[in-house]
Structures are given as C-alpha cells and as structure tokens.
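Peer 1: coords below, sequence missing:
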C-alpha cells in the first residue's frame with residue numbers, strides 16, 4: 001500500500017452520521033443521541049480522521065472536572081480495522097495531546113479500555129499511558145464487562161521539569 005494522506009477534519013451536523021456509522025462498526029458499545037449532541041459542542045476535541053479523503057477513524061473527547069482535577073477524557077478513539085497500523089490512531093492521539101499541551105492546565109488524559117483489548121492497551125502504553133486501575137463490570141451488555149482505566153499524567157512531570165531547571169550548577 002502506498003503511503004496515504006492522513007488528515008483530521010471537524011465533526012459537524014453534516015457529517016455526524018458518518019461518525020455514528022464509524023462508531024457502530026468500531027466499538028462494541030452503542031452511543032446514545034446525547035453523546036452525538038455533546039460531540040458537536042466540543043470543537044477541537046472531536047475529529048474525523050481521513051485517509052486519502054475517506055473517513056476511516058475518529059476521536060471524541062471531553063474535559064472532565066471531577067475529583068478536583070481538570071482532566072481530558074477520551075470517550076472514543078478508533079479506526080476501521082483495514083486502516084489500522086498506518087499511524088492514523090497516532091495522529092488522532094497526538095492531536096489530543098497537543099491540545100492538552102497548549103491548554104497547559106490539564107492534569108492528565110484518561111480513557112477506559114476493555115480488559116481483553118490487547119491492541120488498544122499496547123497502543124496507549126506505547127504512547128506513555130499506564131494502567132491506573134481495573135474497573136469491574138464497567139460495561140453493560142458486553143463481555144468481558146471489565147475495563148482498565150489508562151492514563152497519562154502531565155502535571156507531575158511539569159513540576160519535575162521545573163524543579164530540575166532550578167537546580168544551581
């Protein structure tokens with residue numbers, strides 16, 4: 001396969017049905033109308049991924065302010081099976097991490113992954129995420145129902161970086 005062109009585009013009223021269709025194919029869970037309504041409000045936090053002008057993936061996130069923290073939650077990040085391992089997921093994840101970097105006020109990024117989804121777990125670990133905990137019976141109506149919470153923290157590393165910069169030589 002020749003190297004394709006990967007581009008990210010915004011999610012709008014006009015292409016939200018493509019996102020819906022993609023999610024139905026990629027994920028074992030069904031997302032409700034509220035999910036799609038909310039996605040239209042998050043701006044840069046939701047993107048469709050195009051490979052040579054074909055929609056092949058999408059990422060949808062939201063800011064989570066629970067637990068006295070400001071975190072970015074990856075609700076969905078997925079790519080159609082025939083287009084995996086072409087760096088499309090990496091481009092989507094990098095987009096999300098760049099947003100966190102520019103924001104400067106996000107403590108961490110987190111997401112849930114089904115415990116048997118080894119491909120996804122390896123993908124996120126390769127990008128610096130770690131398994132923070134296992135949530136029993138996280139999913140309804142799918143097996144296995146358990147999920148790992150994966151996260152990548154920013155705040156501590158920022159503090160560590162500033163401390164090391166202050167050390168007198």
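Peer 2: Arrived safely, thanks for sending. Worth saying up front: this structure is predicted, and the values here are computed from it rather than measured.

Peer 1: how about the host helix or strand of residue 20: buried residues?
Peer 2: With secondary structure defined by DSSP states H and E, residue 20 is part of helix 16-26. Within helix 16-26, the residues that qualify as buried are 16, 19-20, 22-23, 26, counting by 16 or more other CB atoms under 10 Å. From N, CA and C alone the C-beta is placed, and that goes for glycine too.

Peer 1: Could you do stretch 65-82 as well?
Peer 2: Neighbour-count burial for stretch 65-82 flags 70-80 (criterion: 16+ other CB under 10 Å).

Peer 1: and what of stretch 49-69?
Peer 2: Within stretch 49-69, the residues that count as buried by 16+ other CB under 10 Å are 49-51, 55-62, 64.

Peer 1: Per-residue pLDDT of residue 2, please?
Peer 2: With respect to pLDDT, residue 2 has a value of 57.

Peer 1: And residue 168, by the same measure?
Peer 2: Per-residue confidence (pLDDT) for residue 168: 54.

Peer 1: where exactly do the helices run in the protein?
Peer 2: 16-26, 33-39, 88-103, 118-126, 155-166 (DSSP state H).

Peer 1: And the buried residues of stretch 49-69, which two are furthest apart?
Peer 2: 51 and 64 (29.5 Å; CB to CB).
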